[in-house]
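K.L.:
sequence first, then the predicted structure, then my questions.
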Amino acid sequence: MNPGDLSWDKLREYFEVEVYDRTPADKVIERIGDSCAILVNKVAITDEIMAACPNLKYIGVNATGYNVIDTEAAHKRSITVTNVPAYSTDAVAQHVFAFITNYTNRVYEHSITVKNGDWVKCPDFCYWNSPLMELSGKTLGIFGYGSIGKKSAEIGKAFGMNVIACSRTPKDGVENVTFNQLLEQSDFITLHSPLTPQTNGIINKETLSKMKKSAVLINTARGGLIVEADLANALNNGDIAAYCADVVSVEPMAKDNPLLNAKNCYITPHLAWAPLETRQRLMNVVIENIKAWLNGKPQNVV
């Protein structure tokens, strides 16, 4: 959340604050010590850790996902756990379309050719090395229609796209379809579902076979939604056109991840949430959460 371009000073109005950039598992108990409150992101807080830190009364997760916290154990110990919902909606939806427009307009690859001197040597005023595509009239399929899915739909409609969605419950303002219909009809599919036992590995050999060969799959949700070996095979065999992702199953990315060298695979290092404005919004809510807890009216409790 704060690599150094934000300030922790607001927190220091309420607490004595110690900041650790990274905490290995064997240092968690020591660093919590007798603290009454902690803020974490990727550090797992287990029942054993809570038992070893009896003064702990509050755990603030500096993110939306809170799977790193044993919430059942926290509830039994009357430890309040909060998260920050929906802070990154605009940024993640923006990243979805950064992927999409980079693919349709081939921005990066043509910029490279220009820097390599191809335009300088070109006899014509323009050239393109890959087919270019308009988004207007194409179908955008959204799997999971929460705040980010809805924002992505708004942007898609602004581009003139036909937007369809598959969600656990039908939503107003969008054409609701089944998952199979989404796979079969979409030119672009963007995933915005939480990772649950029902959605784990939902993109696999069988479901990939139902997509158009010209389809592009975008994943800014969770890497576990994908069976990565199946997807790598589909990309390498030309069964779908491209995959764009900001997440993988194991992060940091493992060197043996089959997507690392797959064809037409564009991966960014889980940064869709990370614009300065987004992280400032995240910090603001983190501070408001802990203030509300101090005032006896906790908010965003999980």
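P.N.:
On my side now, so go ahead.
K.L.:
CA only for contacts and neighbour counts going forward, please
P.N.:
Will do.
K.L.:
what is the neighbour count of the nearest residue to residue 145 once chain neighbours are set aside?
P.N.:
In this structure, residue 145 finds its nearest non-sequential neighbour in residue 167, 5.6 Å apart by Cα to Cα, 6 or more residues apart in numbering. By the measure other Cα atoms under 10 Å, the count of residues near residue 167 is 18.
K.L.:
also residue 6?
P.N.:
Using other Cα under 10 Å: residue 6 sits among 12 other residues.
K.L.:
regarding it, what is its secondary structure?
P.N.:
coil (DSSP: H, G, I helix; E, B strand; the rest coil).
K.L.:
my guess is it contacts residue 282. True?
P.N.:
No. Counting by Cα atoms under 8 Å, residue 282 is not a contact partner of residue 6; they are 10.8 Å apart.
K.L.:
hang on, residue 165 is in a strand, isn't it?
P.N.:
Yes. With three-state DSSP as the criterion, residue 165 is part of a strand.
K.L.:
look up how far residue 295 lies from it.
P.N.:
Residue 165 is 41 Å from residue 295, where distance means Cα to Cα, to the nearest Å.
K.L.:
these two: who's more crowded?
P.N.:
Taking neighbours as other Cα under 10 Å, residue 165 and residue 295 compare with residue 165 leading, 26 against 9.
K.L.:
from residue 146, how far out is that one?
P.N.:
Distance from residue 165 to residue 146, by Cα to Cα: 11 Å.
K.L.:
again, but for residue 9
P.N.:
Per Cα to Cα, residue 9 is found 33 Å from residue 146.
K.L.:
between the two, which is the more surrounded one?
P.N.:
Here residue 9 and residue 146 are compared on neighbour count by other Cα under 10 Å; more neighbours surround residue 146, at 17 against 10.
K.L.:
this protein: helices as residue ranges?
P.N.:
Applying DSSP state H to the chain gives helices spanning 9-12, 28-32, 47-52, 71-76, 89-105, 107-115, 147-158, 179-185, 205-208, 228-236, 276-294.
K.L.:
how far out from the middle of the chain is the second one?
P.N.:
Meaning helix 28-32. Offset of helix 28-32 from its chain centre (Cα atoms, centre = their mean, to the nearest Å): 28 Å.
K.L.:
elements contacting it?
P.N.:
helix 47-52 (3 or more Cα pairs under 8 Å, 6 or more residues apart in numbering; DSSP states H and E).
K.L.:
name the residues that touch the helix it packs on?
P.N.:
With Cα atoms under 8 Å, 6 or more residues apart in numbering as the test, helix 47-52 has contacts from 28, 29, 56, 70, 73, 74.
K.L.:
switch to 7 Å and redo it
P.N.:
For helix 47-52, the surrounding residues in contact (Cα atoms under 7 Å, 6 or more residues apart in numbering) are 29, 70, 73.
K.L.:
how about JSON lines for those, with distance to residue 237 and pLDDT added?
P.N.:
Converted to JSON lines, the contacts of helix 47-52 look like this (distance: Cα to Cα, whole Å; pLDDT from 0 to 100):
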{"residue": "29", "distance to residue 237": "49", "pLDDT": "98"}
{"residue": "70", "distance to residue 237": "42", "pLDDT": "97"}
{"residue": "73", "distance to residue 237": "47", "pLDDT": "98"}
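K.L.:
how far away is residue 209 from residue 117?
P.N.:
As judged by Cα to Cα, residue 209 and residue 117 stand 40 Å apart.
K.L.:
can you tell me which residues contact residue 269?
P.N.:
Listed by Cα under 7 Å, 6+ apart, the contact set of residue 269 reads 246, 247.
K.L.:
just residue 175 next, same as before
P.N.:
Residue 175 sits next to 163, 164, 165 when contact means Cα under 7 Å, 6+ apart.
K.L.:
before we move on, what about residue 285?
P.N.:
Residue 285 sits next to residue 84 when contact means Cα under 7 Å, 6+ apart.
K.L.:
equivalent analysis for the one 3 residues further on, please.
P.N.:
Under the criterion of Cα under 7 Å, 6+ apart, the contact list for residue 288 is empty.
K.L.:
the one 4 residues further on now?
P.N.:
With contact taken as Cα under 7 Å, 6+ apart, residue 292 is in contact with 298, 299.
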